[in-house]
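Participant: pasting the sequence and the predicted coordinates here, then a few questions.
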Amino acid sequence: MLNYCRIDLTHFGGVDGLQLTRHPKPALAAGQVLLNIHYSGLNPIDAKTRAGLGWAAQQNADKLPWVPGYDAAGQITAVGEGVDEAWLGKPVCGMLGFPLQGGCYSSMRSTDLNELLEVPKGVHLAQAAALPLAGLTAHQAVFEHGQAQSGERVVILGASGGVGHIAVQLAVAAGCEVIAVASARRKPLLQRLGAAQIYDYNSNWLADVSACADLLLDFAGGDFGKAALASVKSKGRVVTLPTVTADSVKQAACEADLDATGMLVHQDVDALQHLLQLVAAQKLTIEVESCYPAGSVADAHQHLEQGHVCGKLVLNWCQ
């Protein structure tokens, strides 16, 4: 019986490769649950992979059609062998199938229960779908790779984006002085999130912050990321996120006598649980700029590729 929808990536390239299709209900193995997805989170890696760029695209080139997406939130509607039926009906979310399996651009998905977390009361499922990949990336950039400490000065590029706006809040909560670099129209948001200084990325902001930062969190990459190295103190630290330009940014950082690392997010259910609790306690804001019907995924990807999303975009499977 054809009873769920998903978005298949049928070929690499433009948004015409994203096709809404119907499929039989997924089967469940022992230890798995069936997730009725209400919202799917969108991330820049989705658009990059759709275009045929990056490791996930390379590894899935001979496996098309492939279902993109790593973030999902919804309700458990069936349980496999060995799973307590008390989970039925619970609201849950998670980062699923990263980086090769994907599968969250779908109205249903089977997954291991241990990849999911219950969504606390007070957290909307759209926020829960927007959080996992971006939240874990921000957490790992600030603490695991960046080793941010109270009293340090932290420059954040792309500060109003999906990862950036979460990283700003985490760094502020850790006692850091945050210098946020973003579009000028995002200043009110970044002020609310606690940034101490806010600069328009189109301005000559480096003239004010040259060699002042202990840590640079580069969520922009490319030439902009390399130019921003001038904001970091000698022997300072750099974390660069965009994998396509990570090597060039790290090389430039090395030449400037800076300690630089690239990063790829990894699963960490304990950290994600902590982030969900912060959202529930209204100590962490998750900005959802737009919520698209699943059938408008092409429009969502075009928005995503423009590179000026404030916070996150999500797909709604309930519309």
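Facilitator: Now that the structure is in, tell me what you want to look at. Numbering: from 1, shown residues only.
Participant: tell me how far Ile166 lies from Lys48.
Facilitator: Ile166 sits 20 Å away from Lys48, taking Cβ to Cβ, to the nearest Å as the criterion. Using the backbone N, CA and C atoms, a C-beta is placed for each residue, glycine as well.
Participant: compare these two (neighbour count), which wins?
Facilitator: Ile166 (30 against 19; other Cβ atoms under 10 Å).
Participant: in a helix, the more buried one, correct?
Facilitator: Yes - according to DSSP: H, G, I helix; E, B strand; the rest coil, Ile166 belongs to a helix.
Participant: how much space separates it from Leu217?
Facilitator: Separation of Ile166 from Leu217 (Cβ to Cβ): 11 Å.
Participant: swap in Ser106?
Facilitator: Distance from Ser106 to Leu217, by Cβ to Cβ: 32 Å.
Participant: and these two? which has more neighbours close in?
Facilitator: Neighbour count, other Cβ under 10 Å: between Ser106 and Leu217, Leu217 has more, with 31 against 26.
Participant: contact partners for the more buried one?
Facilitator: By Cβ atoms under 8 Å, 6 or more residues apart in numbering, the contact list for Leu217 reads 141-142, 146, 154-157, 164, 167, 171, 239, 241.
Participant: so is Ser203 in a helix, a strand, or just coil?
Facilitator: Here Ser203 is coil, with the state taken from three-state DSSP.
Participant: what sits against the closest residue to it other than its chain neighbours?
Facilitator: With Cβ to Cβ, 6 or more residues apart in numbering as the measure, Ala184 is the residue that lies nearest to Ser203, at 7.9 Å, once sequence neighbours are left out. Shown in contact with Ala184 (Cβ under 8 Å, 6+ apart): 200, 202-203.
Participant: now do Ile76
Facilitator: By Cβ under 8 Å, 6+ apart, Ile76 lies in contact with 33-36, 87-90, 92, 116.
Participant: strands paired with the helix or strand encompassing it, and their directions?
Facilitator: Taking DSSP states H and E as the definition, Ile76 sits inside strand 71-79. Sheet pairing here is set by DSSP bridges, and for strand 71-79 it gives strand 32-42 (antiparallel), strand 91-95 (antiparallel).
Participant: surely Tyr292 meets Trp317?
Facilitator: No - using Cβ atoms under 8 Å, Tyr292 makes no contact with Trp317, being 10.5 Å away.
Participant: mind checking which of the two has more residues around it?
Facilitator: Comparing Tyr292 with Trp317 by other Cβ under 10 Å, the one with more neighbours is Trp317, at 23 against 20.
Participant: hmm, that one is touching Ser40, no?
Facilitator: Yes - counting by Cβ under 8 Å, Trp317 touches Ser40, with 7.0 Å between them.
Participant: which residues does Leu215 bridge with?
Facilitator: Taking DSSP bridges as the rule, Leu215 bridges to Val154, Arg237.
Participant: just the C-alphas of the lowest-mean-pLDDT helix or strand in the chain, formatted as PDB.
Facilitator: Least confident helix or strand, the chain: strand 2-9 with a mean of 92, by mean pLDDT, DSSP states H and E. Provided in PDB are the C-alpha atoms of strand 2-9 (Å, rounded to 0.1, in the frame of the first residue of the first chain):
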ATOM      1  CA  LEU A   2       1.400   3.400  -1.000                       C
ATOM      2  CA  ASN A   3       1.000   5.400   2.100                       C
ATOM      3  CA  TYR A   4       3.800   7.800   2.700                       C
ATOM      4  CA  CYS A   5       5.600  10.500   0.700                       C
ATOM      5  CA  ARG A   6       9.300  11.400   0.400                       C
ATOM      6  CA  ILE A   7      11.500  13.600  -1.700                       C
ATOM      7  CA  ASP A   8      13.900  11.600  -3.900                       C
ATOM      8  CA  LEU A   9      17.100  13.200  -5.300                       C
END
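Participant: numbering from 38 from now on, please.
Facilitator: Noted, 38 is the first residue going forward, which turns the last one into strand 39-46.
Participant: touching that strand from outside, list them.
Facilitator: In this structure, residues lying in contact with strand 39-46 by Cβ under 8 Å, 6+ apart are 54-63, 86-87, 101-106, 140, 142-145, 331, 334, 354.
Participant: and the nearest residue to Ala250 once chain neighbours are set aside, how far is that from Arg274?
Facilitator: The shortest distance from Ala250 to any non-neighbouring residue, by Cβ to Cβ, 6+ apart, is to Val192 (4.3 Å). To Arg274, Val192 is 11 Å away according to Cβ to Cβ.
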